[in-house]
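[1] Okay, here's the prediction I keep looking at, along with the sequence it came from:
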Amino acid sequence: MKTSVIPVAAQTIRTVLVLLLMAMQIGISGCQTEFINAKPARELNPPPPTDNLYAGWRVFQAKCASCHGAAATGGERAPDLLPIVRELSPRRFAAVVLQRYDLDKGFAEDSKNQSTVDTRIEDILRRGEPPIEMPGWQGEPAVNAHILDLHAYLTARANGKLSTERPPP
């Protein structure tokens, strides 16, 4: 009896050791594979996109300047965008611009002066109210495709890094 117990225990220990070595080999080869595959993955990462100020300027001139003025400093029908865009991240800018807005909502006919409009825009942005009417932006493929370029152009204008002249292509 004593002789049969010892070989069973030795065989169990050997089985456990073999399984442990196999698990270590799998773990090591998994780490090697990850390390080997990480280099090509890093090489495939595209460089960060660069903003095209010229494309943003073109979209602004074609779709926005008629209301906001050629210099984005406001007009009779729309506010000065430069102080507004300074406060908006690219993501928030896209969310605000790509919606249809109705500035007249809640305005009395005699209170449509520029300071009231600016105050209303600030309230809308702060509270996330329903949209202000900007029909030139609604569903425009050129605006959708170049929304980040438009943000870059207006941000450069707002920060004084770009004049009112056409940026180079």
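    Happy to help now that I have it. Bear in mind that the values here come from a model prediction, so they are computed numbers and not experimental data.
[2] Going by C-alpha atoms from here, please, whenever you check contacts or count neighbours.
    Fine.
[3] Settle this for me: Arg166 is touching Trp57, isn't it.
    Yes. Using Cα atoms under 8 Å, Arg166 makes contact with Trp57 at a distance of 6.9 Å.
[4] These two: who's more crowded?
    More crowded of Arg166 and Trp57, by other Cα atoms under 10 Å: Trp57, with 28 against 12.
[5] mind checking how far the more buried one is from Pro90?
    16 Å (Cα to Cα, to the nearest Å).
[6] Please apply the same query to Ala71.
    Counting by Cα to Cα, the gap from Ala71 to Pro90 is 20 Å.
[7] Please report the distance of Asp149 from Ile13.
    Asp149 is 67 Å from Ile13, by Cα to Cα.
[8] neighbour-wise, which of the two wins?
    Using other Cα under 10 Å, the more surrounded residue of Asp149 and Ile13 is Asp149, with 23 against 12.
[9] Can you tell me what sits against the host helix or strand of that one?
    Assigned by DSSP states H and E, Asp149 falls within helix 147-158. For helix 147-158, contacts defined as Cα atoms under 8 Å, 6 or more residues apart in numbering pick out 51-57, 59-60, 72, 81-83, 85-86, 90, 93-94, 143, 162-164.
[10] Can you read off the pLDDT for Arg127?
    As predicted, Arg127 sits at a pLDDT of 62.
[11] Please list all residues in contact with Ala71.
    65, 164.
[12] Skipping adjacent residues, who's closest to Ala142 in space?
    Nearest residue to Ala142, sequence neighbours excluded (Cα to Cα, 6 or more residues apart in numbering): Val59, at 6.9 Å.
[13] where does the one you found sit relative to Arg166, distance-wise?
    In terms of Cα to Cα, Val59 sits 12 Å off from Arg166.
[14] pLDDT weak spots in this protein?
    For the chain, residues meeting the criterion pLDDT under 70 lie at 1-6, 26-50, 100-118, 120-121, 123-138.
[15] Report the residue ranges of every domain in it.
    1-45, 53-158 (automatic domain parsing).
[16] Okay, buried residues for the host helix or strand of Val85 please.
    Taking DSSP H and E as the definition, one finds Val85 inside helix 82-86. Within helix 82-86, the residues scored as buried using 16 or more other Cα atoms under 10 Å are 82, 84-86.
[17] from the residues you listed, which single one is nearest Leu98?
    Val85 (14.1 Å; Cα to Cα).
[18] and the closest one, how far is that from Cys67?
    For Val85 relative to Cys67 (Cα to Cα), the value is 16 Å.
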